[in-house]
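> Take this sequence and fold it.
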Amino acid sequence: MVTDSSLEMRLARREDLERIGLLLPELAGTLFSERFPGGTVADFYQWKYFANPIGEAAVGIAVTGQRVVSIAAAVPKLIQVGSETLPTFELGDFITAADYRNRGLFSRLIEMICGEVARRTAAFVYVRPNSVSFPILAKGLSFLEVRQIDERRYIVPSGLIHRRTGIPAGLLRTLGIDWAARRMFVPSSSDSVKVSKVTRFDKDMDEFWENTRLRYTFSVVRDSRYLNWRYVDCPTPYLLWTAYRSGRVAGYLAGFMSRTERSGYLLDLFTDFEDTDAAAALAREGIDTMLAAGAQSIFTWTLRPGAKSASARLLRRACPAASRQHLHLAMRFFDG
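Numbers count the residues shown, from 1 in each chain. Model (predicted):
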């Protein structure tokens with residue numbers, strides 16, 4: 001456990017953002033800055049922690065002197081469970097400086113922020129931890145695994161074969177390998193659905209959510225207020241598309257393209273539970289856009305065992321290669 005008598009553990013304030021910003025890039029890697037091009041780490045976390053229209057995040061930090069050495073955060077969300085809408089928090093940003101690890105800071109910060117969000121009447125908290133943090137959450141912090149999550153990829157075959165064999169990628173493309181893979185895995189779209197880029201979500205998205213939400217038994221509330229905060233107002237340059245059928249919203253897709261890694265990410269594909277045509281049109285538009293921009297891999301995540309929605313089915317088909325390692329979906333409940 002912690003023996004440093006100068007160590008203070010408390011909830012973060014706005015004035016802590018600069019010091020938090022010194023910790024995160026050091027451990028998050030060189031590509032972290034792609035999340036806030038033209039801005040600063042403090043700008044990004046001002047948006048994430050303090051600009052959420054649902055409420056401010058509960059951010060636990062361990063501080064020694066002027067240095068933040070550990071952090072864990074809980075961001076407020078609204079979750080629809082059956083016909084009810086419940087206040088919850090999503091945990092994340094689990095980072096501890098290398099010289100302060102194995103001192104129990106992670107567990108103490110989680111307990112502190114769980115106490116805070118319970119005080120704010122959250123029904124539960126949820127988190128998608130990796131294999132390192134999940135055992136700590138499950139063993140000593142009362143978290144239960146409710147599902148597992150697969151990381152999946154669409155891989156451009158010409159690049160993969162070139163890296164493994166040295167055969168020129170251009171020759172492989174000429175032979176039609178990439179075309180064949182795209183034809184096999186990328187879903188075809190229906191003429192009844194039109195897909196457009198979107199710069200901001202409006203009241204049409206609220207109408208779509210109201211008409212769709214009861215088709216799902218468990219879902220983040222996806223109204224325009226949430227979507228604009230999550231994807232439009234965020235410093236990260238997300239790619240956003242909306243699907244329309246007969247002039248009415250039929251779904252949306254949020255993605256991200258890392259040009260440094262030449263990787264694309266299908267982050268949030270949402271349609272009516274059984275609307276295969278809208279899900280296919282959105283997935284195809286996102287994948288084609290990323291491939292045209294030079295992506296060699298496109299990632300997504302799906303629940304295990306397979307969720308039954310049209311969006312989940314289309315993502316599993318479009319990104320057929322599943323990683324051997326999986327994430328966990330874990331919850332800690334405050335309201336029986």
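> C-alpha from now on. contacts and neighbour counts both.
OK.
> longest strand of this protein?
Longest strand of the chain, by residue count under DSSP state E: strand 67-81.
> Neighbouring strands - and their directions - for that one?
Sheet pairing of strand 67-81 (DSSP bridges) gives strand 58-64 (antiparallel), strand 84-96 (antiparallel), strand 218-220 (antiparallel).
> how about low-confidence regions in this protein?
Counting by pLDDT under 70, the chain has low-confidence residues at 1-5, 25-30, 306.
> Which residue would you name as the spatial centre of it?
L267 (5.9 Å; C-alpha atoms, centre = their mean).
> my guess is it meets Y252, correct?
No - with contact defined as C-alpha atoms under 8 Å, L267 does not reach Y252; the gap is 10.8 Å.
> need the strands for the chain, in chain order.
Using DSSP E, the strands of the chain run over 7-11, 58-64, 67-81, 84-96, 124-127, 144-155, 194-197, 218-220, 239-245, 248-258, 263-271, 297-304, 321-333.
> For these, give me JSON lines that also has distance to M290.
JSON lines is the format used below for the strands of the chain (distance: least, C-alpha to C-alpha, whole Å):
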{"stretch": "strand 7-11", "distance to M290": "39"}
{"stretch": "strand 58-64", "distance to M290": "34"}
{"stretch": "strand 67-81", "distance to M290": "29"}
{"stretch": "strand 84-96", "distance to M290": "27"}
{"stretch": "strand 124-127", "distance to M290": "28"}
{"stretch": "strand 144-155", "distance to M290": "11"}
{"stretch": "strand 194-197", "distance to M290": "14"}
{"stretch": "strand 218-220", "distance to M290": "26"}
{"stretch": "strand 239-245", "distance to M290": "10"}
{"stretch": "strand 248-258", "distance to M290": "7"}
{"stretch": "strand 263-271", "distance to M290": "6"}
{"stretch": "strand 297-304", "distance to M290": "8"}
{"stretch": "strand 321-333", "distance to M290": "17"}
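> Among those strands, which comes closest to D233?
Minimum separation from D233 across those (C-alpha to C-alpha) falls at strand 239-245, 12.3 Å.
> tell me what the closest one is packed against?
Applying 3 or more C-alpha pairs under 8 Å, 6 or more residues apart in numbering; DSSP states H and E, one finds that strand 239-245 contacts strand 194-197, strand 248-258, helix 276-292.
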